[in-house]
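Participant: Build me a model from this:
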Amino acid sequence: MSYSAADVKRLREATAAGMVDCKKALDEAAGDFDKAVEIIRVKGLKGVTKREGRATSNGLIAAKSQGATSVMLELNCETDFVAKGERFQAVASELLEHLFTSKQSDLAAFLSSKLATGKAVQEVIDEANATMGEKVELRRLAVIQGSPNAQYLHRTSPDLPPQVGVLVALAKDDAVIGKDIAQHIAAFAPQYLDRASVPTDVLEHERKVAEETAKNEGKPEAAIAKITEGRVTGFIKEVALLEQAFAKDQKKSVAAILTEAQNSVSAFYRFRVGQ
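Facilitator: So this is what the prediction gives:
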């Protein structure tokens, strides 16, 4: 059975395998498309362990919200070519639907859980690894339950799937404030919710750095303590969501914006591919 360039293209899109590998598979399968897919899959499975040490700095963020439940995951791969492929994105969608159904926020438990097909999540990932010829890895998950919520997905490039994703747990439903806060989080990347959430050891480290910096700058000894605390406060305003200046109104903090909206944030998640 012969095959055409269109068949090679179709096989490449279906498996995300390289052009040469697709041609070889079609040759071996005598042009039989389904058999060629299986050949690529089998050969790919043999190479899974060889890819374990490879870096997965590309991929996508996928999220789904409905009612009081919102979930998000980061699925990684090695190249943007695979990340843009239909097959990779289909796997992400399949895992996202299972995550929404299972609401399993523990990564290890989720990987061992089974989809409706009877396959474990890790099996699905291993098969994707095999057919695509790249290391595919589920890096992290987030689940919000029993709370009004908002989500935001951001494309850093128009030809790539979303690379940044945000989930926010709110006190009450508000599409406008929810979107504004989620977009703010996407842009300003806070690490903590508020001042109280910043770990003590992190604050102490910043305090020591600020104190040493002030001394090295030759600041008066009597002023060092005040300067140090001022700089620690400045650090908190950079890393704590509620302390940050709001993206749409730098004169107000995020906390002030939420107070005006008679709302609050109890938790948030921000994923960026590879970070």
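Participant: lowest-confidence helix or strand of the chain?
Facilitator: Least confident helix or strand, the chain: helix 33-46 with a mean of 73, by mean pLDDT, DSSP states H and E.
Participant: after that one comes which helix or strand?
Facilitator: Counting by DSSP states H and E, the next helix or strand C-terminal to helix 33-46 is strand 58-66.
Participant: Looking at that next one now, give me its mean pLDDT.
Facilitator: Averaging pLDDT along strand 58-66 yields 96.
Participant: Can you name the next helix or strand after that strand?
Facilitator: Past strand 58-66, the next helix or strand by DSSP H and E is strand 69-77.
Participant: tell me the angle that following strand makes with strand 58-66.
Facilitator: Here the directions of strand 69-77 and strand 58-66 differ by 170 degrees (axes from the mean of the first three to the mean of the last three CA atoms, to 10 degrees).
Participant: average model confidence for strand 69-77?
Facilitator: 97.
Participant: Also stretch 257-275?
Facilitator: pLDDT averaged over stretch 257-275 gives 96.
Participant: got the end-to-end distance for that stretch?
Facilitator: 28 Å (CA to CA, to the nearest Å).
Participant: can you give me the helices for the chain?
Facilitator: With DSSP state H as the criterion, the chain has helices at 5-15, 19-28, 33-46, 80-83, 86-102, 107-112, 121-132, 175-188, 200-216, 221-239, 254-260.
Participant: tell me, which of these is the model least confident about?
Facilitator: helix 33-46 (a mean of 73).
Participant: got the contact list for it?
Facilitator: Helix 33-46 has contacts (CB atoms under 8 Å, 6 or more residues apart in numbering) with 3, 7, 10-11, 14-15, 17, 21-22, 25-26, 28-29, 126-127, 129-133. To be clear about C-beta, it is placed using only N, CA and C from the backbone, and glycine gets the same treatment.
Participant: mind running it again at 10 Å?
Facilitator: Helix 33-46 has contacts (CB atoms under 10 Å, 6 or more residues apart in numbering) with 1, 3, 7-8, 10-12, 14-18, 21-30, 32, 51, 126-134.
Participant: Show the buried residues in the residues you listed.
Facilitator: 3, 7-8, 10-12, 14-17, 21-26, 29, 32, 51, 126-134 (16 or more other CB atoms under 10 Å).
Participant: Count the neighbours of the residue lying closest to residue 241 once chain neighbours are set aside for me.
Facilitator: Closest residue in space to residue 241, ignoring its immediate chain neighbours: residue 190 at 3.9 Å, by CB to CB, 6 or more residues apart in numbering. Counted with other CB atoms under 10 Å, the neighbours of residue 190 add up to 19.
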